[in-house]
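Asks: pasting the sequence and the predicted model now:
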Amino acid sequence: MFSSLAKGYNSLRGEAGAPQSASDTIDKLCDRLLNGTQLEDRRAALLGIKGLSRDWKAEVGSRALPILLGVLEEDAPEDVEIAKAVVETFSLLCEIEEVDGRPVRDDSGLRNTDVFLSTATPLHTLLNLLTSTHFYLRFFSLQLLGVLLSNRSTQVQGHVLTAPGGVGRLVEALDDAREIIRNEALLLIIALTTSNADIQKLLAFEGAFDKLFAIVRQEGGIGGGGIVVQDCLAAIGGLLRWNVSNQNYFRETSCIPLLAPLLLFPQPKALTPTTLAAFAFQPWSEQKVINAGLVISLVRMLVGGAGTGRAGNQKALLSSGITRCLAELALASNAPAVLKSQSLNALADILRLSPPNQEAIANLTVTPLIPPLAPSHESSYAAAAGEDGERMDARVSSTQSASDHRWHRGIPVLAIVAAVSLSVQGDGTPGREGLRVRAAAAGLFESYVANASKTQLEILAEMAAPPAPPEPEVEGEAPPKPKGRTAGSILVHAIRIFPTPGRGEPFDSYTPFFSCLLFSHLLLHSETSKEAARKIYFHGDDAEPGGAGDEDDRASLVTIVVGNLMMAQREQAQSANAGAGPERGLEWSRVMIGYLIVLSIWLFESPSTVKEFLSEGSNLQVLIQPITQSSGVDSAVQGLCTFLLGICYEYNRDPGAITRETMYPILQSRVGPDQFVSRILRLREDPRFRNVGPNVLELVDEEDMVEELTEEDGLWFDYTFVEFLKTNYISVQRAILLDPSATEPGRRSLDGGESSEVVASLRSTVATQAKDLEDMRAQVVAIEAERDTERGAFRDQVSSLTEQIVAIRAELTEARAEKQTADKEQEDLLVLLEELSAKRKADKVKMRQANLEVSDDDDDDDDDEE
């Protein structure tokens, strides 16, 4: 080998031992590679080109690339060493240089990549090299595919699709026992599936799901596995993302039942208090949290669409136990806040428009855990679970009580009660992570009550019900257990009790905000629910609804909400005068926005609720004062007060103390159309309102977002209310311009006030249109019958002509056969005649030679023939 290298070196030296230029050297190496007869010489030339590729990439690419492509296509499949060398050379030639983390704009690596991918043959050859068991050849081939894919992903994906068996070879590489090759194939599959549904389908049908789950099991699952498990789960996500076909295939191949065990949730037959306790108190490492989050993201992909596929996935997730798994993980475990929020968001997607899942959550009882008193961090989640699931790490400081660092079991409650409590009251997790959990719980509640009128009325009934009296004690028996809380009681209590923080004390503005947000979802687009909510009364200063007392002394929930709104305005002004700072002012703004959201949804299209709201004259002033105030009021509060005022005017249909005629001059003089419109438009341009999207409750931030949460960065609206306001603010704006004394325009009427003439005219129009529709249907039936008749006649005619053509073709075939037979007989006769003539001539010649007499006729015939 050294002798061949020495010969190669001497051949590259110039005259008299002078060094050559890079271009001359490359040309000589290419000539030896192309025309060399000795295999060792060609290998040495290829290795020389490879060595020059590091420092002379552009020159090698321009001079040697076509020859290297020929070597790849012709020699590489036959010789492993040449294949390894040429693949390494292409990797060097196609790599892109980077400066400050950005690729060089005019880099030769891109030009070389374009030449390599100009036709599909080189890439197909590269995929065929993956069948080799040679370690370095397989490894470098995968690396080259990765380089090409990062440079020109679209072209590579297109060539992979046209390669016979190419996708299958990539999947087979996942079975390689050598981890470095398996991991390289795994990364390549992740990159290859980006934005290409066809490759996703091919990978799925080649068995990628089974192989990826097998790797996860081999690596020890989400807890024992590390970054490899993370890559496997990311690859599965790449196959499922935005690919309905693969999602259906994932369900039909029974892959969904594998998700709950991945999260270490016990099998349905093994669900016992001990196994649930072990699940609740399991330790959580950083990598385990990441892997579990990826599993949860797979669940969200399966229920992120619409239609029958999503409904089928929701049923499969319920039957596989993932619904309960996520509920236990989010509401009854020591999981970190980031996992709880992800689980709640996934659970919300599963519950949305899925009555079976909604019913399962309604009947599920969980045992929430009480977090440790000390601030939570990752080490507090790494508790060892004993038989009872409550044995915690005993290594605590001697100056602190061990119980302060332990999670404790709470009282068993219904899952929806735990979710409402988590959203309204929180679990003590500080900062943005704690807010994410509360917002996710609010999203879960929204999905739970969506399109479920029975559930909505049940929760409203719980809100209206007085506290259950304690059961009497019986001598000799254990004292009765206290009545458990309900979702409705938590909501009504948080709405009823006005927050009264002392100066300098912490203030949780999200408690009234989330309680109002959840309550609004019970009322949206349901007059029945609004009517049930109007029946919630409080007596005096009672904190709970119902109870005994004088009816004149009772206050409705509408009155309570308006009263709290007025006190919040007063508290905000007092805190500003006391110099409490802008943060405290924003907290009071959030409280007021929560009350205004509830009132806007409650009063919209509900004249009875508007009448109750306007029964107190001061309530109107609560809305007008912030609108007309030039400073010291949050623009979002002003816009919502304006929107609510317009709703009051638009739907003030029932007779009461304040009528539309009474409101109109007040609105025109105190507010005015211009200011009315500008307040709402300013609200719509407010970033806190404008930036709200469908995933606002997930509080997704940029990667560089700091963890410290300011009031300005917090949650102010949910997407449901934003869409509600955007849909209806135009009609509310127009309403204030209408003089009630003038003829009212045609609009929706909620009190059944249409005149009988209009109803009769509409009925007549409907009847006429129905008759015209029936006539058109009869015409369509007649035309279809006529068309069927003509179609039948054409079919008969075509059938007859077809039979004639077949008969003529048969006659023609028979005639051709007869002609061929006659021609053959004639040809045979001519041949026979020719043979007889030749024989006769030969006989005459013999007779003459024998001096026998030949007749004159025969001579004449011979002369004629001559």
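Replies: Noted; the coordinates are in hand.
Asks: following the helix or strand of the chain with the lowest mean pLDDT, which helix or strand shows up next?
Replies: Here the helix or strand of the chain ranked lowest by mean pLDDT, DSSP states H and E is helix 378-381, holding a mean of 36. Downstream of helix 378-381, the first helix or strand assigned by DSSP states H and E is strand 408-409.
Asks: give me every residue that touches Ile190.
Replies: Asp231, Ala234, Ala235, Gly238 (Cβ atoms under 8 Å, 6 or more residues apart in numbering). Where C-beta positions appear, they are placed from N, C-alpha and C, glycine not excepted.
Asks: that one and Pro266, how far apart?
Replies: Distance of Ile190 to Pro266, computed by Cβ to Cβ, to the nearest Å: 31 Å.
Asks: roughly how far out does stretch 432-449 sit from the chain middle?
Replies: 18 Å (Cα atoms, centre = their mean, to the nearest Å).
Asks: how about stretch 128-135?
Replies: Remark: stretch 128-135 is offset 36 Å from the chain centroid, using Cα atoms, centre = their mean.
Asks: in it, which residues are buried?
Replies: The neighbour-count check on stretch 128-135 (16 or more other Cβ atoms under 10 Å) flags Asn128, Leu129, Leu130, Ser132 as buried.
Asks: farthest pair in these?
Replies: Spanning the widest gap among the buried residues of stretch 128-135 are Asn128 and Ser132, at 8.7 Å by Cβ to Cβ.
Asks: you'd agree Gly207 is up against Val171?
Replies: Yes: using Cβ atoms under 8 Å, Gly207 makes contact with Val171 at a distance of 6.2 Å.
Asks: more neighbours: which of those two?
Replies: In this view Gly207 and Val171 are compared by other Cβ atoms under 10 Å, and Val171 has more residues nearby, 20 against 16.
Asks: checking the more buried one next. Helix, strand or coil?
Replies: Put simply, Val171 is helix when judged by DSSP: H, G, I helix; E, B strand; the rest coil.
Asks: that one: what's it in contact with?
Replies: Taking Cβ under 8 Å, 6+ apart, we find Val171 in contact with Ile189, Leu203, Glu206, Gly207, Ala208, Lys211.
Asks: ok, and the most crowded of these?
Replies: Top of these by neighbour count (other Cβ under 10 Å): Ile189, with 27 neighbours.
Asks: and the residue nearest to that one when sequence neighbours are not counted, how far is that from Ser245?
Replies: Leaving aside its sequence neighbours, Ile189 sits nearest to Ala235 (Cβ to Cβ, 6 or more residues apart in numbering; 5.2 Å). Note on Ala235: its distance to Ser245, by Cβ to Cβ, is 17 Å.
Asks: which of the two has more neighbours?
Replies: Ala235 (26 against 14).
Asks: give the rounded mean pLDDT of the helix or strand containing that one.
Replies: Assigned by DSSP H and E, Ala235 belongs to helix 227-240. For helix 227-240, mean pLDDT rounds to 95.
Asks: buried ones in it?
Replies: For helix 227-240, the neighbour count (16+ other Cβ under 10 Å) marks 228-240 as buried.
Asks: distance to Glu661 added to these, as JSON lines?
Replies: Converted to JSON lines, the buried residues of helix 227-240 look like this (distance: Cβ to Cβ, whole Å):
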{"residue": "Val228", "distance to Glu661": "74"}
{"residue": "Val229", "distance to Glu661": "71"}
{"residue": "Gln230", "distance to Glu661": "68"}
{"residue": "Asp231", "distance to Glu661": "70"}
{"residue": "Cys232", "distance to Glu661": "70"}
{"residue": "Leu233", "distance to Glu661": "65"}
{"residue": "Ala234", "distance to Glu661": "65"}
{"residue": "Ala235", "distance to Glu661": "68"}
{"residue": "Ile236", "distance to Glu661": "65"}
{"residue": "Gly237", "distance to Glu661": "61"}
{"residue": "Gly238", "distance to Glu661": "64"}
{"residue": "Leu239", "distance to Glu661": "65"}
{"residue": "Leu240", "distance to Glu661": "60"}
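Asks: Cys232 touches Leu187, doesn't it?
Replies: No: with contact defined as Cβ under 8 Å, Cys232 does not count as touching Leu187 (10.8 Å).
Asks: report how many residues lie close to Gln779.
Replies: Counted with other Cβ under 10 Å, the neighbours of Gln779 add up to 10.
Asks: who touches it in this structure?
Replies: Contacts of Gln779 by Cβ under 8 Å, 6+ apart: none found.
Asks: any idea how far it is from Leu39?
Replies: Taken as Cβ to Cβ, the span from Gln779 to Leu39 is 84 Å.
Asks: repeat that for Thr274.
Replies: With Cβ to Cβ as the criterion, Thr274 and Leu39 are 68 Å apart.
Asks: which residue ranges of the stretch 651-800 of the chain form helices?
Replies: Using DSSP state H, counting those that start in this stretch, the helices of the stretch 651-800 of the chain run over 660-666, 673-685, 687-690, 719-735, 756-849.
Asks: reformat those as JSON lines; add mean pLDDT and distance to Cys641.
Replies: Converted to JSON lines, the helices of the stretch 651-800 of the chain look like this (pLDDT from 0 to 100; distance: least, Cβ to Cβ, whole Å):
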{"stretch": "helix 660-666", "mean pLDDT": "88", "distance to Cys641": "14"}
{"stretch": "helix 673-685", "mean pLDDT": "92", "distance to Cys641": "8"}
{"stretch": "helix 687-690", "mean pLDDT": "92", "distance to Cys641": "14"}
{"stretch": "helix 719-735", "mean pLDDT": "91", "distance to Cys641": "12"}
{"stretch": "helix 756-849", "mean pLDDT": "79", "distance to Cys641": "35"}
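Asks: only alpha carbons, please: show the helix or strand containing Leu623 as PDB.
Replies: Element membership for Leu623, per DSSP H and E: helix 617-628. Presented in PDB, the C-alpha positions along helix 617-628 are these (Å, rounded to 0.1, in the frame of the first residue of the first chain):
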ATOM      1  CA  GLY A 617     -80.300  53.400  37.600                       C
ATOM      2  CA  SER A 618     -76.800  53.600  38.900                       C
ATOM      3  CA  ASN A 619     -75.700  50.600  36.800                       C
ATOM      4  CA  LEU A 620     -75.800  52.700  33.700                       C
ATOM      5  CA  GLN A 621     -73.500  55.200  35.300                       C
ATOM      6  CA  VAL A 622     -71.000  52.400  36.100                       C
ATOM      7  CA  LEU A 623     -70.600  52.000  32.300                       C
ATOM      8  CA  ILE A 624     -70.800  55.700  31.200                       C
ATOM      9  CA  GLN A 625     -68.300  57.000  33.700                       C
ATOM     10  CA  PRO A 626     -65.200  55.000  32.500                       C
ATOM     11  CA  ILE A 627     -66.200  55.800  28.800                       C
ATOM     12  CA  THR A 628     -66.200  59.500  29.300                       C
END
